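Asks: Fold the following.
(chains A, B, C and D)
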Protein chains: 2
Amino acid sequence: MANTKRTHVLQFAVLGLLHEGPLHGYELRKRLNGVLGTFRAISYGSLYPCLKDMLATGLIAEDGPADAGAPALTGRRARIVYKLTAEGKDKFQQWLADAGPDAYEDDLFGVHLAFFGRTDRDIRLRILLGRRNRLEERMATLRSNLAKRRERLDEWTLTLQQHGLDSVEREVDWLSTLINQEIDGTPPSTKSTGTEPASK
Amino acid sequence: MANTKRTHVLQFAVLGLLHEGPLHGYELRKRLNGVLGTFRAISYGSLYPCLKDMLATGLIAEDGPADAGAPALTGRRARIVYKLTAEGKDKFQQWLADAGPDAYEDDLFGVHLAFFGRTDRDIRLRILLGRRNRLEERMATLRSNLAKRRERLDEWTLTLQQHGLDSVEREVDWLSTLINQEIDGTPPSTKSTGTEPASK
DNA sequence: GTTAGCATGTAAGGAGTTACATGATTTT
DNA sequence: AAAATCATGTAACTCCTTACATGCTAAC
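Replies: Numbering: from 1, shown residues only, chains lettered A, B, ... in the order given. Here you go, the predicted model:
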């Protein structure tokens, strides 16, 4: 049986970027930062084998040099431009429609959110709720651990854990805002949630 | 040539825990959560080979069954209790004294902080400053990216990046508090920055 | 008498990195 | 002529996880 497992965040991200138009590896890699976590720079040693794999699986194909999107390429080294195949588009749609656990676990969630513009509203809502739920579970665990061990931990460990807890709390707040906006149809705000909230 | 590279957060954490007294693998693993990121549960498939390795390198040794710390162990399966060797203690001290980049990069920073109780005050300060610096660099990059691309990104990507930025900002604030306390000698506060007053 | 928890371990594999190998073109 | 940037790719290695293999004891 063909191993269809491949959750592979990277593949998802590549499909999403290629969904906007054909690209070659070098360019793809640069744009990957925006889609993957803000600070992830994927290396070529990771990307090229991935593309190779996707080509072999038929998710992408080499694009004939119909230089539509590419801005005035002169000689340079022969670049290989990839585009989505029908199967690739299909796969991407499947991914977009998945609101299961895979969609709100850490890494995956960020990528899903990056493609929310192309995700159905009800799927979006389910992913956001799933994510918030997961975080709330974590918070509960953390709080009970903290309460139990409070005396046995030194101050540094405590501050660290407290900061972690605060972080998760703030992500939950952020999600709640998004969820509410999603429910009453307001587009998401770009405003900072942070530093100078005025109400305390 | 003997590859002495091994930065290995895990080894550092194990040394730190063993520094308080001999422990066996199973117990070690449970305590690792507290020291590593709050949500990292290291698996046995990772821990046991690591212990094996450290044993081979001479950082730890099997402890004779002088059941000092262990509470009333009856039969059970033969557990293997490890203790630090002189080299292990040495290695740990070296690690504690390291205020270089390794000490404030993501994973490593958390572990270092967990052992701050056994770290010299000036080293602590340098690590905190190094960490804050790194985060401020990131913030600068992020902000300029955000400013440059603001128009070309959809609202979801923007909120995501904004939330990321806010997160980093708050970590910087937290670090600044710790740094100030470190400078004027106040012990770190356990109080939450957030949501609840938390006297219990 | 079976399930849950204690306890140690290995094999296979997934997801990524660094370092290397190659080579063209543009800028200094 | 050297350096920077563009561009693709492989090999070896790291660090981790899952799934398996083993077996003991306590509790239900």
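
Asks: Touching, residue A:80 and residue A:22? I think so.
Replies: No - using Cβ atoms under 8 Å, residue A:80 is not in contact with residue A:22, being 10.3 Å away. All C-beta spots, glycine's among them, are computed from the backbone N, C-alpha and C.

Asks: Between these two, point out the one with more neighbours.
Replies: A direct count of neighbours by other Cβ atoms under 10 Å in any protein chain shown for residue A:80 and residue A:22 places residue A:22 higher, at 21 against 14.

Asks: Quickly note the distance from the more buried one to chain B.
Replies: 18 Å (Cβ to the nearest Cβ, to the nearest Å).

Asks: got the domain boundaries for chain A?
Replies: Following automatic domain parsing, chain A resolves into domains at A:9-67+A:79-111, A:120-183.

Asks: State the distance from residue A:97 to residue A:185.
Replies: According to Cβ to Cβ, to the nearest Å, residue A:97 and residue A:185 sit 21 Å apart.

Asks: next one: residue A:165
Replies: 32 Å.

Asks: Same check on residue A:142?
Replies: For residue A:142, the distance to residue A:185 - Cβ to Cβ - is 34 Å.

Asks: Give me every residue in chain A that's in contact range of DNA strand D.
Replies: Neighbours of DNA strand D within chain A, by Cβ under 7 Å from any atom of the strand: A:24-27, A:44-45, A:48-49, A:51-52, A:73, A:76-81.

Asks: In helices, which of those residues appear?
Replies: Residues of the residues of chain A next to DNA strand D located in helices (DSSP state H): A:25-27, A:44-45, A:48-49, A:51-52.

Asks: top of these by neighbour count?
Replies: The most crowded member of these, judged by other Cβ under 10 Å, is residue A:51 (21 neighbours).

Asks: give the contact list for the residue nearest to it when sequence neighbours are not counted.
Replies: Counting by Cβ to Cβ, 6 or more residues apart in numbering or on different chains, residue A:51 lies nearest to residue A:25, which is 5.9 Å off, once chain neighbours are set aside. Applying Cβ atoms under 8 Å, 6 or more residues apart in numbering or on different chains to residue A:25 gives the contacts A:44, A:47-48, A:51, A:79-80, A:82.

Asks: Tabulate the domains of chain A in JSON lines, adding columns for distance to residue B:149 and mean pLDDT.
Replies: What follows is the domains of chain A, written out as JSON lines (distance: least, Cβ to Cβ, whole Å; pLDDT from 0 to 100):
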{"stretch": "domain A:9-67+A:79-111", "distance to residue B:149": "7", "mean pLDDT": "90"}
{"stretch": "domain A:120-183", "distance to residue B:149": "21", "mean pLDDT": "91"}
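
Asks: out of the ones you listed, nearest to residue B:13?
Replies: For the domains of chain A, the distance to residue B:13 is smallest for domain A:120-183, at 12.3 Å, taking Cβ to Cβ.

Asks: Spell out whether the closest one and DNA strand C are in contact.
Replies: No - against DNA strand C, domain A:120-183 shows no contacts by Cβ under 7 Å from any atom of the strand, the least distance being 14.9 Å.

Asks: now do the same end-to-end measure for that domain.
Replies: Start-to-end span of domain A:120-183 (Cα to Cα, to the nearest Å) is 13 Å.

Asks: Likewise for stretch A:107-122?
Replies: Stretch A:107-122 has an end-to-end distance of 21 Å (criterion: Cα to Cα).

Asks: ok, and for it, which residues are buried?
Replies: A:108-116, A:119 (16 or more other Cβ atoms under 10 Å in any protein chain shown).

Asks: Go through these and say which is closest to chain B.
Replies: Nearest to chain B out of those is residue A:116 (Cβ to the nearest Cβ; 3.9 Å).

Asks: Look up how far DNA strand C lies from that closest one.
Replies: The gap separating residue A:116 from DNA strand C is 20 Å, by Cβ to the nearest atom of the strand, to the nearest Å.

Asks: Once you drop chain neighbours, what's closest to that residue?
Replies: Nearest residue to residue A:116 in three dimensions, chain neighbours excluded: residue B:156, at 3.9 Å (Cβ to Cβ, 6+ apart).

Asks: Run a quick neighbour tally on that neighbour.
Replies: Other residues lying near residue B:156 total 20 when counted by other Cβ under 10 Å.

Asks: Fine, thanks again, bye for now.
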